[in-house]
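Visitor: no sequence on hand, only this structure:
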């Protein structure tokens, strides 16, 4: 069965999380996927996991996906362009301007290169964390450059659509300033915030709550990878950080003299600006915007959640996502259930008719 | 049935999220709870929700819990001390030094006042979000001041233990510098980070991912409340922010010239500091440290999750928390199941014997 838009072989260079996930996703569609990695153990792991097959001398890939660390991406792209003179090459690095400049500087056939960047990832890295559905519903930026044949863009779009992702066309410059704002600066800030905790007392840390956990979660990211990313997008990141520093200066000034007339108003405006900013993030926070959410109260006794899910199955509704929120020893748990929007109102009515208590209904 | 450590009536002033949750928790233990609120509609809502009864002229509470906004806490505490000359009074405001100073400045009988602060909350406020188990397993700081009778502390400890929380004894000063680090500074930083999004393009925002959502989630908090909190803890918050600004200055400097010798090493050290800081937060991020986690692969067809949960019930293990991670249309979901540590290994063995695939086992 071949249900893919892609035709011909696809060669993936770099069998880490992203490369192996691309391989798994394409293999599931019947595409002939070749995997290559400079690490033999990574390569055999990725092949064992079903991400593709080893390279052969007769390989003639139409498309090559370079999924190696940002620092070496331009060089590997140039090598692949030279080794496979009929292939189109893309990469998945999270910076685009410096990679394109590097490919150009290497004197490679840049007309056969289009940078791209899937906005997807997991905390765990490596091929064993790879999933064929990693890119599902996620944006995947494609960054064509001046003068390249338009048909090339279509090939990358086919790849993106095959993997269930959403193609977003931007210039490399637009991409880099966008990810500076929504990804690279949050990473820097989370790291600097988490760094403050080194000096905290044990008892201070014992008061940690979900807010601290959320704001610092990504501070556990790999410093080596992030030095590469930030170094390659330094100007865009620094620009946002300088604006943020101006606000931070103002905050510190207000807190140095909070009783000065206007000080509290200034602070309130900074915080209200945060409200406005966070409201601009698409989708509801922490939950999938494709689904509606219903909250069902569940007695905390064995079998109750299973009974609820069995009855939802009887009603004929598929549970898209589920989160049980309860505390041990308490009598009531809250099952947060995500369903397709069109299924919501019928499900609520049917569950209530069966005696379930719906705590809150919302999107 | 009276299963509480607390004896006698408890009066709660302020029927918001925290006050009503204290009421619900104590009512569940059979305690006679009096609720008071300056807003008649809030009061009747809280009474309807079962948080307690209305005040009577004959009330003679042993303990009064003041749960009003930080700005008015000291005044309300002083009023209650004067109105009920036999009662011990505590408050639940998230700042402690300024409240104690305010109570003293009001000339109140400060020996009958002990500040406290439960580290608990939900995104939704008001009595309708209240839950009797809101404080379960959460730290609840008690801040005795010099010269007060030791027996008074025991009364507050009884309250905390009755509500299932964990008493933590600190001075008001230790409390305020601790929450500056683990709560107030993260709030400021999340707001300043989110504020940067106001200027972002639509297409930049369309690239938002979970990292941005997590780092900015608390930026949707109420500015009015936070101006009160930050204003009342200004010195401690400013001190941490100044240290953070020094790191931010260094980061901006490095990014202005990333190719200078040593620049990347400096950046790597800042990011590695973030790794070390986040590792100091107790418990695994985003999940409850009291439980072990197992991940079971579940076919994405109706009834499969119910079958898994039914079988776990048959095995005799209680599911403490559950998260289903899957993508619509894909063949496999991952059910992340939290169980008591002592139940983990037996459950894994039994599930595997029944043919379930366990994707990963960990704490």
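Guide: Structure's in. What do you need? The structure presented is a predicted model; accordingly, all values stated were derived computationally and were not measured. Residues are numbered from 1 along each chain as shown, chains lettered A, B, ... in the order given.
Visitor: just the pLDDT for the residue nearest the centre of chain A.
Guide: Centroid check for chain A by CA atoms, centre = their mean gives residue A:120 as the closest residue, at 2.7 Å. At residue A:120, the model reports a pLDDT of 87.
Visitor: and the closest residue to it other than its chain neighbours, backbone torsions?
Guide: Counting by CB to CB, 6 or more residues apart in numbering or on different chains, residue A:120 lies nearest to residue A:138, which is 4.3 Å off, once chain neighbours are set aside. For glycine as for every other residue, the C-beta is placed from the backbone atoms N, C-alpha and C. With angles defined as degrees, to the nearest 10, residue A:138 sits at phi -90, psi 150.
Visitor: pretty sure residue A:118 is one of the things residue A:138 touches, is it not?
Guide: Yes: between residue A:138 and residue A:118 there is a contact under CB atoms under 8 Å: 6.3 Å.
Visitor: tell me which of these two has more neighbours.
Guide: residue A:118 (22 against 19; other CB atoms under 10 Å in any protein chain shown).
Visitor: excluding chain neighbours, what is closest to the more buried one?
Guide: residue A:140 (4.4 Å).
Visitor: so the one you found belongs to a helix, correct?
Guide: No: if the criterion is DSSP: H, G, I helix; E, B strand; the rest coil, then residue A:140 is strand and not within a helix.
Visitor: overlap in contacts, residue A:138 and residue A:118.
Guide: residue A:165 (CB atoms under 8 Å, 6 or more residues apart in numbering or on different chains).
Visitor: one step back: name the SS class of the residue nearest to the centre of chain A, please.
Guide: coil.
Visitor: surely it touches residue A:135?
Guide: Yes: if you go by CB under 8 Å, residue A:120 and residue A:135 touch, sitting 5.0 Å apart.
Visitor: list the residues that contact both of those two?
Guide: Jointly contacting residue A:120 and residue A:135 under the rule CB under 8 Å, 6+ apart are A:21, A:165.
Visitor: check the stretch 101-250 of chain A for the residue nearest chain B and tell me.
Guide: residue A:191 (3.0 Å; CB to the nearest CB).
Visitor: list the contacts of that residue.
Guide: A:219, A:221, A:226, B:270, B:271, B:273, B:274, B:275 are the contacts of residue A:191 under CB under 8 Å, 6+ apart.
Visitor: secondary structure element for the spatially closest residue to it that is not a sequence neighbour?
Guide: Nearest non-adjacent residue to residue A:191, counting by CB to CB, 6+ apart: residue B:274, 3.0 Å away. Element membership for residue B:274 (DSSP states H and E) is helix B:263-279.
Visitor: likewise for residue A:215?
Guide: helix A:210-216.
Visitor: hmm, back to that, what's the first helix or strand after the helix or strand containing the residue of the stretch 101-250 of chain A closest to chain B?
Guide: Using DSSP H and E, the element containing residue A:191 is helix A:185-195. For helix A:185-195, the following helix or strand on the C-terminal side (DSSP H and E) is helix A:202-205.
Visitor: and that next one, what does it pack against?
Guide: helix B:172-179 (3 or more CB pairs under 8 Å, 6 or more residues apart in numbering or on different chains; DSSP states H and E).
Visitor: and the helix it packs on with chain A, contact?
Guide: Yes: shown here: helix B:172-179 in contact with chain A (CB under 8 Å from any CB of the partner chain) through B:174, B:177, B:178, B:179.
Visitor: just give me the closest of the residues you listed to residue A:28.
Guide: Nearest to residue A:28 among these is residue B:179, at 49.0 Å by CB to CB.
Visitor: so who does the closest one touch?
Guide: A:204, A:207, B:94, B:95, B:117, B:119, B:233.
Visitor: just send the residues you listed back as CSV, with secondary structure and distance to residue A:346 too.
Guide: Shown next, in CSV, are the contacts of residue B:179 (DSSP: H, G, I helix; E, B strand; the rest coil; distance: CB to CB, whole Å):
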residue, secondary structure, distance to residue A:346
A:204, helix, 49
A:207, coil, 44
B:94, coil, 43
B:95, coil, 48
B:117, strand, 45
B:119, coil, 40
B:233, coil, 49
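Visitor: top of the residues you listed by neighbour count?
Guide: With neighbours taken as other CB under 10 Å, the top of the contacts of residue B:179 is residue B:117, carrying 28 neighbours.
Visitor: doesn't residue A:334 fall inside a helix?
Guide: No: remark: residue A:334 does not belong to a helix; assigned using three-state DSSP, it is strand.
Visitor: re earlier: out of the residues of helix B:172-179 next to chain A, what pair is the most spread apart?
Guide: For those, the maximum inter-member distance is 9.8 Å, found between B:174 and B:179 (CB to CB).
Visitor: what's the overlap in contacts for those two?
Guide: With CB under 8 Å, 6+ apart as the test, residue B:174 and residue B:179 both reach residue A:204.
Visitor: so the residue nearest to residue A:191 makes contact with residue A:189?
Guide: No: counting by CB under 8 Å, residue A:189 is not a contact partner of residue B:274; they are 9.6 Å apart.
Visitor: quick one, helices of chain A?
Guide: Taking DSSP state H as the test, the helices found in chain A are A:17-27, A:40-48, A:70-83, A:97-105, A:150-162, A:172-179, A:185-195, A:202-205, A:210-216, A:223-232, A:234-256, A:263-279, A:304-315, A:344-353.
Visitor: count of neighbours near the closest residue to residue A:28 other than its chain neighbours?
Guide: Among residues not flanking residue A:28 along the chain, residue A:132 sits closest, at 5.0 Å (CB to CB, 6+ apart). Residues near residue A:132, counting by other CB under 10 Å, number 24.
Visitor: please identify the buried residues of stretch A:267-286?
Guide: Buried residues in stretch A:267-286, counted by 16 or more other CB atoms under 10 Å in any protein chain shown: A:267-268, A:270-275, A:277-278, A:280-281, A:285.
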